[in-house]
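J.: Any chance you can model this:
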Amino acid sequence: MSAPYDKLYEHFDSPLMRQLRAEAYGKDIGQHSWVTAEELLADIAKLKLSPKSRLLDLGCGPAGPLTFIAAKTKCTAVGLDVSANAIDAARARAASLGLSERITLQQADLNEALPFNAAGFHAVLSIDVILHLRDRSAVFREVFRVLVPGGTFLFTDAGVITGPVSSEEIQKRTPHGYAQFVPSGINEQLLERAGFRVTDRTDLTDTMIKSAAGRLAARTSHESELENLEGRSTFERQQQYLQTVHALAERGALSRIMYIAEPR
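T.: Here you go, the predicted structure:
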């Protein structure tokens, strides 16, 4: 499963990729999805973290958001990702920021049980990853198991169906492999069945529109460099992907929602 994602992170910290992130998001914090630094700053308060807290990031990628949060809160953190290249980049990033002693990073398939004892984390974070997992009900149950009583689960889902979407658009929207899109309301139902109480639901589709537009423009401005790095077919496929994300989100067909839930 890791192979498609390994390719995404192969050159993640090259000067070109850093420049692209700076142009796309306004601030490069090592993000790899639709999230911005401003969004993460708002998330920190919602996660209720302190230097005594333990945070788990599911699908941490190269750990940009995780290191950003850990540096701000001084919490202890663990990041899991299926991609070996992402974990290598994450470890390098944590080391460069002096966070290696407080952040543990390991390769893991999130479609399997989490490799932790019960009630070991004060908060669990997952940014734009849930839609790539095959059984979100099982994931929610595992998160419930590893959270302490009164803990916080915060995740974003960029695949909530809120309007008509064609089969052709779904194909263009999923160039990196498996994705599971769900109608509005399904995440809330599944969270409640797993033992959670949903405390907040925020529509972040505007952030996705802005990030998709920014990434598309940045890639377009560096087309020749990216074509040399990726090849023409990959470059065009990535452009089509971003164009599709932007179009679906702008017309309200596919939304990005943030959920906050606590164990009941």
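J.: make it CA atoms for all contacts and neighbour counts henceforth
T.: Noted.
J.: could you pull out the helices for the stretch 151-264 of the chain?
T.: Remark: helices assigned in the stretch 151-264 of the chain by DSSP state H, counting those that start in this stretch are 167-173, 186-193, 205-221, 223-230, 232-250.
J.: what stretches of the protein score poorly on pLDDT?
T.: For the chain, the stretches with pLDDT under 70 are 1-4.
J.: so where's the longest strand in it?
T.: For the chain, the strand that runs over the most residues, judged by DSSP state E, is strand 147-161.
J.: which parts of it are buried?
T.: By neighbour count with 16 or more other Cα atoms under 10 Å, strand 147-161 contains the buried residues 147-148, 151-161.
J.: Check stretch 165-177 too.
T.: Neighbour-count burial for stretch 165-177, counted by 16+ other Cα under 10 Å, picks out Ile170, Lys172, Arg173.
J.: From the residues you listed, pick the one nearest Phe68.
T.: Arg173 (27.9 Å; Cα to Cα).
J.: could you measure that closest one against Arg134, distance?
T.: Here Arg173 is placed at a distance of 17 Å from Arg134 (Cα to Cα, to the nearest Å).
J.: Over to Ser126?
T.: From Ser126 to Arg134 the distance is 15 Å (Cα to Cα).
J.: picking that back up, turn the helices of the stretch 151-264 of the chain into TSV, columns for distance to Gly64.
T.: Below are the helices of the stretch 151-264 of the chain laid out as TSV (distance: least, Cα to Cα, whole Å):
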stretch	distance to Gly64
helix 167-173	23
helix 186-193	26
helix 205-221	16
helix 223-230	22
helix 232-250	21
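J.: Looking at those helices, which is nearest to Pro51?
T.: helix 186-193 (27.7 Å).
J.: How far does that closest one sit from its chain's centre?
T.: Distance of helix 186-193 from its chain centroid, counting by Cα atoms, centre = their mean, to the nearest Å, is 19 Å.
J.: can you give me the strands for this protein?
T.: Using DSSP E, the strands found in the chain span residues 54-58, 76-81, 103-107, 121-127, 147-161, 182-183, 196-203, 254-263.
J.: Taking the centroid of the protein, which residue is nearest it?
T.: Residue closest to the average C-alpha location in the chain (Cα atoms, centre = their mean): Ile127, at 2.8 Å.
J.: Contacts only, for the closest residue to Gly64 other than its chain neighbours.
T.: Residue nearest to Gly64 in three dimensions, not counting chain neighbours: Gly30, with 3.9 Å by Cα to Cα, 6 or more residues apart in numbering. Contact analysis of Gly30 by Cα atoms under 8 Å, 6 or more residues apart in numbering lists Arg18, Arg21, Pro62, Ala63, Gly64, Pro65.
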